[in-house]
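Engineer: below is the sequence, then the predicted model.
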Amino acid sequence: MTKHILTVDQFDVGEVERLFQMSDEINQKIDQKREKELLRTLPGNILFSFFCEESTRTRFSFETAGMLLGMHVIGTENAKKFSSMVKGESLRHSIRTMCELRANAIVLRHSTEGSAKEAAEIADPYGVSILNAGDGKGEHPSQALLDIYTIRNSFDKLENLAVACGGDLANGRTVRSLVRMLSSYDDISFRFFSPRELQMKQDVLDHLEKHGKRWRVCKTMEEALKGADVIYWTRSQLERFTSWQKIGRYFRALFAGNGKYIIGKHEMETWVKPDAILMHPLPIKDEIEAGVDNDSRSKYFEQVKNGLLVRMALLKYCLQ
Amino acid sequence: MTKHILTVDQFDVGEVERLFQMSDEINQKIDQKREKELLRTLPGNILFSFFCEESTRTRFSFETAGMLLGMHVIGTENAKKFSSMVKGESLRHSIRTMCELRANAIVLRHSTEGSAKEAAEIADPYGVSILNAGDGKGEHPSQALLDIYTIRNSFDKLENLAVACGGDLANGRTVRSLVRMLSSYDDISFRFFSPRELQMKQDVLDHLEKHGKRWRVCKTMEEALKGADVIYWTRSQLERFTSWQKIGRYFRALFAGNGKYIIGKHEMETWVKPDAILMHPLPIKDEIEAGVDNDSRSKYFEQVKNGLLVRMALLKYCLQ
Amino acid sequence: MTKHILTVDQFDVGEVERLFQMSDEINQKIDQKREKELLRTLPGNILFSFFCEESTRTRFSFETAGMLLGMHVIGTENAKKFSSMVKGESLRHSIRTMCELRANAIVLRHSTEGSAKEAAEIADPYGVSILNAGDGKGEHPSQALLDIYTIRNSFDKLENLAVACGGDLANGRTVRSLVRMLSSYDDISFRFFSPRELQMKQDVLDHLEKHGKRWRVCKTMEEALKGADVIYWTRSQLERFTSWQKIGRYFRALFAGNGKYIIGKHEMETWVKPDAILMHPLPIKDEIEAGVDNDSRSKYFEQVKNGLLVRMALLKYCLQ
């Protein structure tokens, strides 16, 4: 059966751990000249990198992952604007075209929720794997997995953690996926801190209730950060807002009251535990000050590094 | 002498068949892991993929072909907008630049008719091959060849066939090239069905007369499809229309009278022979309904697959 | 210590000559099938090609250089428009992201002066090399080096030469870098010929004075070209003008008075020495007529060829 990466829900806790162990193994080899050669286990395989939305970081990460595995990588930076889509081709035909061109895997970024699943239905009879690199407001499973992997590596466990989530919780698909995935682990509790318009949505809260997880909405940043083990901060998904009015309201919320959603050196020193970690899916706009970048608790660049490992593991998982 | 792929007219019937036999050989190897390695006969060769117009499918096809042959592929998605052309560089200088960068072959897509020939004049003294991937209203020879290859593989012959061409026959360079090429084979007859504004042009009709081929203009889709062996349908070349008024007229023609240029399940069941084939150069907009995609007579995705084989053969033909 | 290529000032005359000898060696191997394989000395290394401005020629040159050395090349054509920069990511975060993705080297083109140096500060702790491919009005060191390399190869020396520079001397970073670099060699003299608004700036003139070099501003093209050994002509850096008014003034200057800044066959025959060379950083707009392209004294396409060699040498210098 063809393996795809469509949603975090497709993996149970045991499978996630196996993926992480694959990532660990890759990590041990990737820095050593001789071992690195052993990573080229997919030579001659073809990876299409089909991005209908801009996302240089995710694209670079997947393309590097493919190349380090020895794959041929062929891509488009902005399929929406520059591909045959300007001539009216549907996603289904684009996917089938890449399958006929002997793709082994297709990394797909698309603005429409459900597009990865639709692509997988097309690709299935060809034995071509679809890797969802973000489908609109839907999922971005490789991001969720690299986030969890970063937490696991920082604490050597995924249980008994207090997780603070801040920023745009309504639209950030990474934070939504993270919270849902973490709810599979024991003794995890959540604090949510966001402008009223951007609160965590009911579907995720229902999911937490179902899994018996504790959560609370915080009124101040202090309340969110104090005692938290994991701080997951996000930027506003400006490109997903449908009106400028809503964007204006968001920014007023974000910066009013002395920028009460902005984490700076002061917040790190005053409220954040010495052994806590600060995560962010990147890119950061203003919600974390540049001065925090080199704080040893900041893990957002380690997330990038881990993303490469996890994506290599996902490609191996699909194609080997 | 440097070999280029500029026009279908450069090949006689025998040479076309030799190209197709090369494609057959590639096809036998491409799906077998060990044999696939044997296809890498151009290692270290450099292929520039220079697209001054958007055409993701053709670009992906040529780039995959190059990579499977072991070539280095370096490309630009939209040279017109993003290359040094924004600084005013002429095509001749762009080509010469790529030649100096030690290109072995350049795949060129350009909006101006005759640009591939111009490029070949520049590239000739360097021994660099130009492959025309579409030059405006001119030619798109690799497309014409893959179309013929698909017909040959479906019928095991290229003689004694009734070919129905529909849609935008005035502007579609693929259908124009196809008809001209097919006129070299015995006992081929043509039916043309299109809005009046988009009829097959006189130069092609003259070509048919010269080669003593039968053709007729059909008044209904029924007349065109009934008894046809090959049905070649095309979309409107919207990007080549010079005014919105003309576009509007086209669409009225296309959809008025119960969408009389649209092939759906009903048309396939009622008028199309069981052993006929339905072809389209892709992308399809509305002129073939999605429900027809999985009809065994629909060959447009097989055309994509064949395109990869034929382009690999063309690169080998030029460079070996 | 991590080696970067940021400015021509980082190399003394001896180091430049060593780079050129590396380029010579590459040149001897690059055309021979067997030797070419020996050039692949950086297999598995990762090169990110990060262009925040359009520059197809420079990008193609660096990407080809990387591939011929055996590197994996991952790139973006227009990072400014299509990368995560649209989401507000800073250059520092972009660079750090590529470093975490295990870049060995990053080729950076950016519109802001000083950005390459900023990038190098970020990349330094990672051991990742930054190669400045143009930072706004700042530098473009690989271009300056390939220019000098071309002069050295033409005359077998870099001393005792009369150098005429024409066109947009105020904004052309390549001509500015060239003049500054050449001032390290003995017995070099300069003639500058440009519209008044586009004269060589005081900082470069001061540099010449400091190094005791002779220079003069010419009033006619004849004065500039007659007796010159090296003629370095440039186009206007239209994209760096801040107002259309200034552009208009430039063009009036360029074309008024019988196109007095345009070099054509007549000028080559009347004023240019038989053993002189004519250089241009490309792209050429109107300032050199097409008829001059095949004059044996025209070296602008040889500059392109040399650029590939020098860039391969620079990558080797950084990474080996």
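Structural biologist: Thanks, I have the structure now.
Engineer: and the strands in chain A?
Structural biologist: In chain A, the strands defined using DSSP state E lie at A:46-51, A:72-76, A:105-110, A:129-135, A:161-166, A:188-193, A:214-217, A:230-233, A:277-279.
Engineer: who are the packing partners of the last one?
Structural biologist: Read that as strand A:277-279. The contact analysis (3 or more CB pairs under 8 Å, 6 or more residues apart in numbering or on different chains; DSSP states H and E) places strand A:277-279 against helix A:141-155, strand A:230-233, helix A:300-319. Where you see a C-beta, it was placed from the backbone N, CA and C, and this is true even at glycine.
Engineer: now do the fifth one
Structural biologist: For strand A:161-166, the packing partners by 3+ CB pairs under 8 Å, 6+ apart come out as helix A:173-182, strand A:188-193, helix A:221-225, strand A:230-233.
Engineer: tell me what angle it forms with helix A:141-155.
Structural biologist: 130 degrees (axes from the mean of the first three to the mean of the last three CA atoms, to 10 degrees).
Engineer: can you pull out the helices in the stretch 1-150 of chain A?
Structural biologist: Using DSSP state H, counting those that start in this stretch, the helices found in the stretch 1-150 of chain A span residues A:13-30, A:33-38, A:56-68, A:79-82, A:91-100, A:115-123, A:141-155.
Engineer: average pLDDT for the last one?
Structural biologist: Per-residue pLDDT over helix A:141-155 has a mean of 97.
Engineer: in it, what's buried?
Structural biologist: A:141-155 (16 or more other CB atoms under 10 Å in any protein chain shown).
Engineer: of the residues you listed, which is the nearest to chain B?
Structural biologist: Distance to chain B, by CB to the nearest CB, is smallest for A:S142 among the buried residues of helix A:141-155, at 22.5 Å.
Engineer: from A:M71, how far off is the closest one?
Structural biologist: 16 Å (CB to CB, to the nearest Å).
Engineer: and A:L308, by the same measure?
Structural biologist: Going from A:L308 to A:M71 by CB to CB gives 14 Å.
Engineer: how many other residues sit next to the closest residue to A:K226 other than its chain neighbours?
Structural biologist: The spatially closest residue to A:K226, leaving aside those adjacent along the chain, is A:W271, at 5.1 Å (CB to CB, 6 or more residues apart in numbering or on different chains). A:W271 is flanked by 20 other residues according to other CB atoms under 10 Å in any protein chain shown.
Engineer: surely A:W271 touches A:L225?
Structural biologist: Yes. Using CB atoms under 8 Å, A:W271 makes contact with A:L225 at a distance of 4.0 Å.
Engineer: shaky segments in the stretch 101-250 of chain A?
Structural biologist: A:236-250 (pLDDT under 70).
Engineer: which residue sits closest to A:H140 in space, ignoring its chain neighbours?
Structural biologist: The nearest residue in space to A:H140 (CB to CB, 6+ apart) is A:G134, at 4.3 Å.
Engineer: which ones are touching that neighbour?
Structural biologist: Neighbour list for A:G134: A:E53, A:S55, A:T58, A:R109, A:H110, A:H140, A:Q143, A:R173 [criterion: CB atoms under 8 Å, 6 or more residues apart in numbering or on different chains].
Engineer: do you know how far it is from A:A144?
Structural biologist: From A:G134 to A:A144 the distance is 11 Å (CB to CB).
Engineer: just A:E197 next, same as before
Structural biologist: 24 Å.
Engineer: next one: A:I5
Structural biologist: 11 Å.
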